[in-house]
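1. what shape does this take:
(2 chains)
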Amino acid sequence: MSMAPMADSANGYLWQDGTLRSWLLTTDHKRIALLYMASITAFFILGGVGAALIRLQLLVPAGAILSDETYSRMFTLHGVVMVWLFLVPSIPVTLGNFLVPLMLGARDLAFPRLNLLSWYLFVMAGMLVVYGLFRGGLETGWTFYTPLSTDYTQGHVLPVVAGVFLSGFSSIATGVNFIISIHQLRAPGMTWYRLPLMLWALYATSVIFVLATPVLSITLVLLAFEHFFHVGVFDPALGGDPLLFQHLFWFYSHPAVYIMILPGMGVISEVVSTFCHKPVFGYRFVAWSSISIASIGFLVWGHHMFVAGTSLYAAVVFSMLSFLVSVPSAIKVFNWLGTMHGGAIRLDAPMLYAMGFIGLFTVGGLTGLFLASLASDVHLTQTYFVVAHFHYIMVGGMVSAYFAGLHYWWPKITGRMYPEMWGRTAAGLLFFGFNLTFFPQFLLGYEGMPRRYATYPAQFQVLNVLSSAGASILALAYILPLVYFAWSLLRGARASDNPWQATGLEWRTSSPPPTENFAHVPVVNHDAYDYAALDQANRAASQEPPHA
Amino acid sequence: MPDDLAPYDTPQHRDETAVAGMWLFLASEVLLFGGLFLVVLVYSHTRRAGWIMGVRHTNLIIGSINTLLLLTSSAMYTLAVVAARAGRARRIIAPALGAAGLGVAFLGLKSWEWHLEFSEHLFPGAGFSISGPDAGGAQLFYSFYFLSTALHGLHMLVGIGLILWVCYRMARRRGQPVPVIPVEVVGLYWSFVDLVWILLFPVLYLVGRV
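-> So this is what the prediction gives:
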């Protein structure tokens, strides 16, 4: 492996053709990744504003600014935008889109035009959702439970549901593209067990995209059909079964929880290995744990319905299966720690985010076991304990991982370094602000504060104020990277091809990569994370005189 | 590697990839209709009496003729696939157009059937014509009936469009080597649409009729 001479960034994919048309009609996976990045950043900000208003409202027991009705619409906005338009697509469509072909040693994804189509579908989906939300929104929460969403709602259900339906097709297109690419486009010598763990994680995610999303699609069609024509599908008055909606909804939406964490786990495997300069401990276990999380994840949806009137026997089975899913998740955590053990750890921003991820994900995962236990779930369900639990996974986990990945691959994506000191500051703020926001919510939930209410008894105020204070720190931790990333695009130091001394194929091309990714098709002759080979190549290169 | 093939190595590599992509997409489609069939599974048991009343009101004659039309259409399209594999462009267009034509006939009959059902007030909701203690189950059946036939009809429209696109491509490329893969991939999709109907037909017209 030799260090290629640093290419002039003018030849990279970024600046080669600057016209708007060339961006909007591009089939280059790297450019599509950036189109996606711009879109989901916009949605992240919108969802974040929703969260800010929620935390502002809950500063005082009587509610500070919003009416009860508006509050319901606000947390729905926050949930719908964050789940459907940010978390589900986030890492796969941005970092995944950028990295899958590069990590495989391929020119592009298997279906480049389908990839572009998926972005257009996503944008249309987003516009429909935003249209519905700005017309006045809806009060159903992101789960659209019937019969509220079909018969009793005063909100704009149809455009929002249609948007979520459409975004599903964007997900399916991405999933098909990733799976087929990983099967078909691996460079010579890139065997399955030489794939970076990020690709195993994205493969597992894509299986969920392809096999679970259509069930959501049909569920939303049934919902829209019932809502629009006022006919019976789930309506109990006509003999329909609202529980059936919940079964169908969670058959997608629980696997979707793993859509929202598996790609993050992939990022963490890459980052931890690179910044410890060590192969990932137990590669095959980590690889297969992604597949088993995705598979078992299809069998646990009933734990969302323990108190909804399912049978005790079903609940016991779902509880056991939910405990089972924690095994592969724990394997991952132990293996990351095993990788770090005895490593020469460099604490750059990506690694700080990754370490934050490991801690927060562990808390989120362990509190999940409280909710998977039937007896304690009866006490904790519908309280802030649940809110804190899933935010530890979705925000503490996935958003940390997203930022870890953004910082880690930023030099590759843009050809520029971000300011390291500011990166570390933002990572520290995120960890601190996050814990201050959500740890009090565990306590609130344990003490019985229900979720989804616009007001609360005065005894909960101290913890709520702490939580809101944390949210403002969290907001700062999100705004900072926006500012210094934008700054680094123009002023950041030029990045070398492999600034972190990482082993993946993406680091063997220039930063930013040329449109065709690699000057020559790379040939892979060693395992992923083979740092011995990298060090040897570096030593050999430093002994040779530099050549042009 | 030649640029016009990117990201594939060889034409064969590209073809394999396209076929694999279609199979995976169809797996996704199976789960889409799978959700609908779950609804059938549940309601045909929990609301059995009303559900069967619904089944008995469907038009078995039109349903049977349509099944025959669609199976024949699929068989005809298979002739186009065989011709494409043999490299005979001229023998592709006629059977493909025939397959599309039978598809259009299916949709025509289906619309007429819908028209009859609307005029008999079988569309669920206020004014639904079946009454009695089990009418709720019959309404659930007709919700499923209209939704599933609409969704299937939509898939038929897409399929017919794809077949016409194949014919157009073949007509334009007269004299050049025949691209087999588009014909095959569309064939996979058309057979899937057929397969969905093979499951829908007994569910909508047969099970519980006698």
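
2. who's in contact with A:F281?
-> A:N335, A:W336, A:G338, A:T339, A:H341 (CB atoms under 8 Å, 6 or more residues apart in numbering or on different chains). The way it works is simple: take the backbone N, C-alpha and C, and place the C-beta from them, glycine included.

3. does stretch A:521-538 reach chain B?
-> Yes: with CB under 8 Å from any CB of the partner chain as the criterion, chain B is reached by stretch A:521-538 at A:V521.

4. using CSV, list the CA coordinates for that stretch.
-> Output of stretch A:521-538 as CSV, limited to C-alpha atoms (Å, rounded to 0.1, in the frame of the first residue of the first chain):
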residue,chain,number,x,y,z
VAL,A,521,-9.0,-0.6,-9.3
PRO,A,522,-7.6,-1.4,-5.9
VAL,A,523,-6.6,-5.0,-5.1
VAL,A,524,-7.1,-6.1,-1.5
ASN,A,525,-4.5,-8.6,-0.1
HIS,A,526,-5.0,-8.3,3.6
ASP,A,527,-7.7,-8.2,6.3
ALA,A,528,-9.6,-5.0,7.3
TYR,A,529,-7.7,-3.2,10.1
ASP,A,530,-4.3,-4.7,9.2
TYR,A,531,-2.2,-2.0,10.8
ALA,A,532,1.0,-4.0,10.5
ALA,A,533,0.7,-3.9,6.7
LEU,A,534,0.0,-0.2,6.8
ASP,A,535,3.0,0.6,9.1
GLN,A,536,5.2,-1.5,6.9
ALA,A,537,4.1,0.3,3.8
ASN,A,538,4.6,3.7,5.5
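
5. now do it: everything it contacts.
-> Against stretch A:521-538 from outside (CB under 8 Å, 6+ apart): A:1-3, A:105, A:187-191, A:193-197, A:273, A:277-280, A:283, A:501, A:503-505, A:508, B:1.

6. with adjacent residues omitted, what lies nearest to B:G125?
-> A:V231 (4.9 Å; CB to CB, 6 or more residues apart in numbering or on different chains).

7. now do the contacts for that neighbour.
-> Taking CB under 8 Å, 6+ apart as the criterion, A:V231 is in contact with A:F225, A:L238, B:F123, B:P124, B:G125, B:Q139, B:Y142, B:S143.

8. ok, 6 Å please
-> B:P124, B:G125, B:S143 (CB atoms under 6 Å, 6 or more residues apart in numbering or on different chains).

9. narrow those to just the buried residues.
-> Buried members of the contacts of A:V231, scored by 16 or more other CB atoms under 10 Å in any protein chain shown, are B:P124, B:S143.

10. narrow the contacts of A:V231 to those in helices?
-> B:S143 (DSSP state H).

11. quick revisit: could I get the contacts of A:F281 as TSV with secondary structure?
-> Formatted as TSV, the contacts of A:F281 follow (DSSP: H, G, I helix; E, B strand; the rest coil):
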residue	secondary structure
A:N335	helix
A:W336	helix
A:G338	helix
A:T339	helix
A:H341	coil
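
12. and chain A, which residues reach chain B?
-> A:106-108, A:110, A:172, A:176, A:180, A:184-185, A:210-211, A:214-215, A:217-218, A:225, A:230-233, A:238-240, A:244, A:248 (CB under 6 Å from any CB of the partner chain).

13. same thing but 7 Å
-> Contact residues (CB under 7 Å from any CB of the partner chain) of chain A with chain B: A:101, A:106-108, A:110-111, A:172, A:176, A:179-180, A:183-185, A:210-211, A:214-215, A:217-219, A:222, A:225, A:229-233, A:238-241, A:244, A:248, A:521.

14. just the buried residues from the residues you listed, in ChimeraX please.
-> To isolate the buried ones among these in ChimeraX, judged by 16+ other CB under 10 Å, type:
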select /A:101,106,107,108,110,111,172,176,179,180,183,184,185,210,211,214,215,217,218,219,222,225,231,232,233,238,239,240,241,244,248
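
15. burial count for the closest residue to A:G423 other than its chain neighbours?
-> Nearest non-adjacent residue to A:G423, counting by CB to CB, 6+ apart: A:A349, 3.1 Å away. A:A349 has 27 neighbours, counted by other CB atoms under 10 Å in any protein chain shown.

16. pull out the buried members of the contacts of stretch A:521-538.
-> The buried subset of these - by 16+ other CB under 10 Å - is A:1, A:3, A:105, A:187, A:190, A:194-197, A:273, A:277-280, A:283, A:503-505, A:508.

17. got a list of what A:S171 touches?
-> A:V88, A:P89, A:F209, A:T213 (CB atoms under 7 Å, 6 or more residues apart in numbering or on different chains).

18. helices - which of these land there?
-> A:F209, A:T213.

19. so who does A:T27 touch?
-> Contact partners of A:T27, counting by CB under 7 Å, 6+ apart, are A:P112, A:R113, A:N115, A:L116.

20. try it again at 8 Å.
-> A:D108, A:P112, A:R113, A:N115, A:L116.
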